[in-house]
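Colleague: coordinates only, sequence not included:
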DNA sequence: ATAAATGCAAAACTTTTGCACCCGA
DNA sequence: TCGGGTGCAAAAGTTTTGCATTTAT
């Protein structure tokens, strides 16, 4: 539990995981990331992807997002920001609105507890699903949307 | 995908699951609920508990909460409200502050999309963990906290 | 009588981990 | 060289599901 910042040496696998995540505006699952990394490193293992996602998260380089779905999604942008989840197709979008620290203060007053931060997710309908003829509910495996 | 409201007949198992959930202010895991239901119906199966949790959720009687943890937690109060997750011990508390629909409007303006609602969770330190000598990080299995 | 609900166990799925080998500093 | 990183496969843990049986209506 002590040194969370053990000395890490560089690895092609971890660099590639981070590059993939930084290179997409989507919020992909571990499995989708794995598929992308495999394009560059064909014999990479899924375990390695999971290990590096955990390390990158601990290092504060990426965020892990947990919505209702079975799998986690990851976000290459570690700055606090809000998300919108499409209730129709499950895609996840960034919402470009300022983070409201005042919510923390209000929650602190309501509960009498120390509040460190919050997570806010919106539920709505993405532009693709709002079209006249909406696409099929689940496009393929939806891993990257 | 059609009739989400198929005709359900009553069952002792489902009634008991709901009673257990309504009877606690905690936000328990499926496993903890299973243990409680077993006190009344010793040979109930875990699969039945999961099935009924899903049915009750679909019927809008309960909420499923998904925080980062491996297991889902359930909430017998289906009215929208906010939660606070203790970063020290993982317990989940209700936060008694009004739901802000104005956030949805703001998100809708920022994104240009139709926003139906939101989920807001606070992260902080519960009163037990804020004490001078905090309790051990993980008390037993933490299922009900 | 009819079909929903159950118990049981196997299966499905995501994520973690043990271990021998590899490789970056 | 030294210990962190990897690949592989097995394991762990939660949730779902197939099926024969039970049970509510």
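Modeller: Looks like it arrived, so ask away. Please read all numbers here as calculations on a predicted model, not as lab measurements.

Colleague: and the longest helix seen in chain A, anywhere near DNA strand C?
Modeller: If you go by DSSP state H, chain A has its longest helix at helix A:46-58. Yes - looking at helix A:46-58 against DNA strand C by Cβ under 7 Å from any atom of the strand, the contacts come from A:46, A:47, A:50, A:51, A:54. Placement of C-beta: from N, CA and C, glycine included.

Colleague: Let me see the contact set for the spatially closest residue to the third one that is not a sequence neighbour.
Modeller: This means residue A:50. For residue A:50, ignoring the flanking residues on the chain, the nearest one in space by Cβ to Cβ, 6 or more residues apart in numbering or on different chains is residue A:30 at 5.9 Å. Contact analysis of residue A:30 by Cβ atoms under 8 Å, 6 or more residues apart in numbering or on different chains lists A:46, A:49, A:50, A:53, A:71, A:72, A:74.

Colleague: can you pull out the helices in chain A?
Modeller: A:12-22, A:30-40, A:46-58, A:101-111, A:127-130.

Colleague: These: lowest mean pLDDT?
Modeller: Within the helices of chain A, confidence is poorest for helix A:127-130, with a mean of 86 (mean pLDDT).

Colleague: My read is that residue A:90 contacts residue A:69, right?
Modeller: Yes - at 6.9 Å, residue A:90 and residue A:69 qualify as touching, with contact defined as Cβ atoms under 8 Å.

Colleague: between these two, which one's more packed in?
Modeller: residue A:90 (18 against 14; other Cβ atoms under 10 Å in any protein chain shown).

Colleague: what's the longest strand in chain A?
Modeller: Secondary structure of chain A per DSSP state E: the longest strand is strand A:114-125.

Colleague: what helices or strands is that strand leaning on?
Modeller: strand A:82-86, helix A:101-111, helix B:101-111, strand B:114-125 (3 or more Cβ pairs under 8 Å, 6 or more residues apart in numbering or on different chains; DSSP states H and E).

Colleague: on that earlier part again, list the buried ones in the longest helix of chain A?
Modeller: When burial is assessed from 16 or more other Cβ atoms under 10 Å in any protein chain shown, helix A:46-58 yields the following buried residues: A:48, A:49, A:50, A:52, A:53, A:55, A:56, A:57.
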